[in-house]
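**Student:** generate coordinates for the sequence data below:
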Amino acid sequence: MFVEGMDKGGIDRAVVLGVDQVDPGSKPPWAALAGGPTSAKGWVQVPVAMPVAANLDDDVVAEFCAQYPDRLVGFASLHPERYRPDLKVERAVKELRLRGVKIYPHAGFYPNDPRLHRAYQKCADLGVPVMFHTGIKALRWQWLKYNNPLYVDDVATDFPDLKIVMCHGGFPWSDEFLVVVYSNPNIYVDITFLEHVERTFRRPGLVEHTMRQLVDLIGPQRLLWGSEGPAMFLPLFGEHGPENYKRSQDYLVNRFEFLNAEDKKDILGRNAARLLEF
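**Tutor:** Now for the predicted structure:
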């Protein structure tokens with residue numbers, strides 16, 4: 001069913017992201033609110049229909065993706081409270097064959113947390129990208145302040161060989177997001193969720209304005225489209241089903257005349273293929 005949805009949406013490959021928020025304590029489990037543990041990016045975000053849990057373990061991601069090795073790509077996830085996050089990265093890449101790492105700062109830490117430094121260096125050594133959620137928070141109980149994109153500048157500067165993806169445009173720190181991206185050539189931009197930000201916060205034209213700025217500042221070759229999955233339910237932002245694949249591609253990319261046909265192909269897949277070395 002999952003891959004069938006990809007076929008209907010014209011998706012060749014999807015990146016499935018793990019979730020590591022450590023112990024959520026009394027917080028509601030992510031899956032209970034978001035329709036399944038979390039998503040995948042760029043390339044295509046995909047919520048996975050797994051048992052209710054706040055975390056989506058690397059092993060579960062690897063097992064799920066192994067069912068369709070030519071269609072699904074798995075990413076690990078890190079939290080600085082885990083023992084030796086760098087060892088978690090090494091196992092995820094070398095043993096589980098995952099292809100990147102997703103970081104969720106709004107789980108309660110800044111991206112430049114020193115406890116993650118060895119993990120970032122390990123990712124750089126292994127040639128796998130690290131994705132950072134920036135800007136808006138996904139759920140009520142998360143902490144917005146940790147998503148300020150300025151803290152990603154520390155990581156990009158301290159680890160210039162690390163491939164970084166910054167997600168969602170950094171709203172409400174949009175200017176900071178643009179400056180960080182422009183200043184660091186090792187950063188890619190995932191444009192996922194911009195349409196939800198535009199609608200929720202009553203910012204007409206935000207998507208077009210942001211896309212024009214990004215193309216002008218860093219060019220289309222560092223931009224990645226993502227879907228936020230075939231199904232989404234977030235109390236702060238609403239919901240959508242598999243029909244959103246095509247709708248999102250058209251609204252975030254295809255409708256813009258300032259992008260030529262090759263630019264659109266790059267943003268909708270070829271840039272991700274290059275980043276992940278397919």
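**Student:** which helix or which strand is home to residue 131?
**Tutor:** strand 130-133 (DSSP states H and E).
**Student:** list the buried residues for the helix or strand that that strand is followed by?
**Tutor:** Downstream of strand 130-133, the first helix or strand assigned by DSSP H and E is helix 150-158. Residues of helix 150-158 classed as buried: 150-153, 155-156 (neighbour count, 16 or more other CB atoms under 10 Å). To be clear about C-beta, it is placed using only N, CA and C from the backbone, and glycine gets the same treatment.
**Student:** would you list the residues you listed in JSON lines and tack on distance to residue 110 and pLDDT?
**Tutor:** Shown next, in JSON lines, are those (distance: CB to CB, whole Å; pLDDT from 0 to 100):
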{"residue": "150", "distance to residue 110": "10", "pLDDT": "98"}
{"residue": "151", "distance to residue 110": "5", "pLDDT": "98"}
{"residue": "152", "distance to residue 110": "9", "pLDDT": "98"}
{"residue": "153", "distance to residue 110": "12", "pLDDT": "98"}
{"residue": "155", "distance to residue 110": "10", "pLDDT": "98"}
{"residue": "156", "distance to residue 110": "14", "pLDDT": "98"}
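**Student:** residue 133: which of those is nearest?
**Tutor:** Closest approach to residue 133 among the buried residues of helix 150-158 (CB to CB): residue 152, at 10.1 Å.
**Student:** isn't the closest one up against residue 135?
**Tutor:** No - using CB atoms under 8 Å, residue 152 makes no contact with residue 135, being 11.0 Å away.
**Student:** quick one: the strands in this protein, in order.
**Tutor:** 14-17, 72-78, 101-103, 130-133, 164-167, 187-190, 223-224, 232-234, 238-240 (DSSP state E).
**Student:** strand partners of the third one, parallel vs antiparallel please.
**Tutor:** Just to be clear, that refers to strand 101-103. Sheet pairing for strand 101-103, assigned by DSSP bridges, gives strand 72-78 (parallel), strand 130-133 (parallel).
**Student:** same deal with the shortest one?
**Tutor:** Using DSSP bridges, strand 223-224 pairs in its sheet with strand 187-190 (parallel).
**Student:** tell me which residues are up against the partner strand.
**Tutor:** 41-42, 129, 131, 152, 156, 163-169, 180-181, 214, 218, 222-226, 271, 275 (CB atoms under 8 Å, 6 or more residues apart in numbering).
**Student:** thinking again about what came up before, quick one: closest of the strands of the chain to residue 200.
**Tutor:** Closest among the strands of the chain, using CB to CB: strand 238-240, at 7.8 Å.
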